[in-house]
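Asks: sharing a sequence plus its predicted fold:
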Amino acid sequence: MALFSSGKYSTLRVVPPKDRKMVIPDGSWVKCRNCGQTLYTERLEDNLNVCWNCGCHLSVTAQDRIKQLCSPGGFEEYDAGMTSVDILHFSDTKPYPKRLADSIAKTGMNEAILCGKCIIKGLPCCIGVMDFRFMGASMGSVVGEKIVRLTEHAIEEELPVIMITASGGARMQEGVVSLMQMAKTCGAFERLSEKGLPYIAVLTNPTYGGVSASFATIADVILAEPGAMIGFAGQRVIAETTKAKLPENFQTAEFLWEKGLIDRVVERKNLRKELGLLLEFFRR
């Protein structure tokens, strides 16, 4: 004790608990939307953004989806520079150009969909991946045009097309022009079918509105992730309109599989393998 009391060596200072502050970086934890479990982000990413407590399939960015499905370095993006134009000079709580700018800054994408050519399980295909962070992945003129151009690339190179959907529907800021994309995209996939080329759709949570009512549900094979909500209008709107009690699990992937709209419900960890098997089956 004399050694420390001499002042030659400094003593340790114990910080009272009230003065301690735990610094947690932003985004380190997220809460599962289904069970409320607090999830460590890094571990969640390793688990493909699937809650390990309840199995809920949480949302995935378009960039991460490409990494999950495509071979490393095997994705070649098409039409990356295309951006939307405010043809109606539309403004709600924000001007349309401001909403576009915010979404571009948030996602690092110029629009709500990534389109390109990739390799899955050694087989080439054309792929389109929607990102709900970009204005709810609403389908405007550029989203529709990129999908059409994707099918044209596929026809030219004789490749199958895979679409990963996640959308709230048509983009109201573009009015009737956004609704035109429903017929436009369906026509593009009809031309793909006429060439004998397969089209596979993977419906993720949520897939609603004009997207579900057009190209998302006309594929040769329709897959869906567990628990994905799929429909045209929301449950509340349907219930209030019909004045009827809706069935249990209404509009879920499992419900639609039972009714025959969905061919298979596939867990995210098995999706790459499932798509590889389908590409092998359809290969010419």
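Replies: Alright, I've got the coordinates.
Asks: can you give me the strands for the stretch 51-200 of the chain?
Replies: Listed in chain order, the strands of the stretch 51-200 of the chain (DSSP state E, counting those that start in this stretch) span 76-77, 113-120, 123-130, 161-167, 199-207.
Asks: what's the closest of these to residue 56?
Replies: strand 199-207 (9.2 Å; C-beta to C-beta). For the C-beta atoms, the positions are set from N, CA and C on the backbone; glycine is no exception.
Asks: may I have stretch 181-194 as CSV, with CA atoms only?
Replies: C-alpha atoms of stretch 181-194 as CSV (Å, rounded to 0.1, in the frame of the first residue of the first chain):
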residue,chain,number,x,y,z
GLN,A,181,-46.8,0.4,-67.7
MET,A,182,-49.1,-2.4,-66.7
ALA,A,183,-50.0,-3.1,-70.3
LYS,A,184,-46.5,-2.2,-71.6
THR,A,185,-44.7,-4.7,-69.4
CYS,A,186,-47.3,-7.5,-70.0
GLY,A,187,-46.8,-6.9,-73.7
ALA,A,188,-43.1,-7.3,-73.4
PHE,A,189,-43.4,-10.6,-71.5
GLU,A,190,-45.8,-11.8,-74.2
ARG,A,191,-43.2,-11.2,-76.8
LEU,A,192,-40.7,-13.1,-74.6
SER,A,193,-43.2,-16.1,-74.4
GLU,A,194,-43.7,-16.0,-78.2
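Asks: and residue 235, how many residues sit next to it?
Replies: Per other C-beta atoms under 10 Å, the neighbour tally for residue 235 reads 12.
Asks: surely it and residue 248 touch.
Replies: No: the criterion here is C-beta atoms under 8 Å, and residue 235 misses it with residue 248 at 11.5 Å.
Asks: if I look at residue 188, how far off is residue 215?
Replies: 8 Å (C-beta to C-beta, to the nearest Å).
Asks: spell out which residues are contacts of both of these two.
Replies: Residues touching both residue 188 and residue 215 by C-beta atoms under 8 Å, 6 or more residues apart in numbering: residue 147.
Asks: name the helices or strands packed onto the longest helix anywhere in the chain?
Replies: Using DSSP state H to define each element, the chain has its longest helix at helix 176-194. Secondary-structure packing of helix 176-194 (3 or more C-beta pairs under 8 Å, 6 or more residues apart in numbering; DSSP states H and E): helix 141-157, strand 199-207, helix 209-212.
Asks: change it to 10 Å
Replies: helix 141-157, strand 161-167, strand 199-207, helix 209-212 (3 or more C-beta pairs under 10 Å, 6 or more residues apart in numbering; DSSP states H and E).
Asks: of the ones you listed, which is nearest residue 263?
Replies: strand 199-207 (9.5 Å).
Asks: using CSV, list the CA coordinates for that closest one.
Replies: Taking Å, rounded to 0.1, in the frame of the first residue of the first chain, the C-alpha atoms of strand 199-207 are listed here in CSV:
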residue,chain,number,x,y,z
TYR,A,199,-40.1,-16.1,-67.3
ILE,A,200,-39.8,-16.7,-63.6
ALA,A,201,-41.3,-14.4,-61.0
VAL,A,202,-40.3,-14.3,-57.3
LEU,A,203,-42.9,-12.3,-55.2
THR,A,204,-41.6,-10.8,-52.0
ASN,A,205,-43.2,-8.8,-49.3
PRO,A,206,-45.1,-6.7,-50.3
THR,A,207,-46.2,-7.1,-53.9
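Asks: elements contacting that strand?
Replies: So strand 199-207, by 3+ C-beta pairs under 10 Å, 6+ apart, packs with helix 62-69, strand 123-130, strand 161-167, helix 176-194, helix 209-212, strand 221-224, helix 253-259, helix 268-282.
Asks: these two touch, right, residue 66 and residue 75?
Replies: Yes: between residue 66 and residue 75 there is a contact under C-beta atoms under 10 Å: 5.3 Å.
Asks: the closest residue in space to residue 34 that isn't next to it in sequence and residue 80, how far apart?
Replies: Nearest residue to residue 34 in three dimensions, chain neighbours excluded: residue 56, at 3.7 Å (C-beta to C-beta, 6 or more residues apart in numbering). Taking C-beta to C-beta as the measure, residue 56 falls 32 Å from residue 80.
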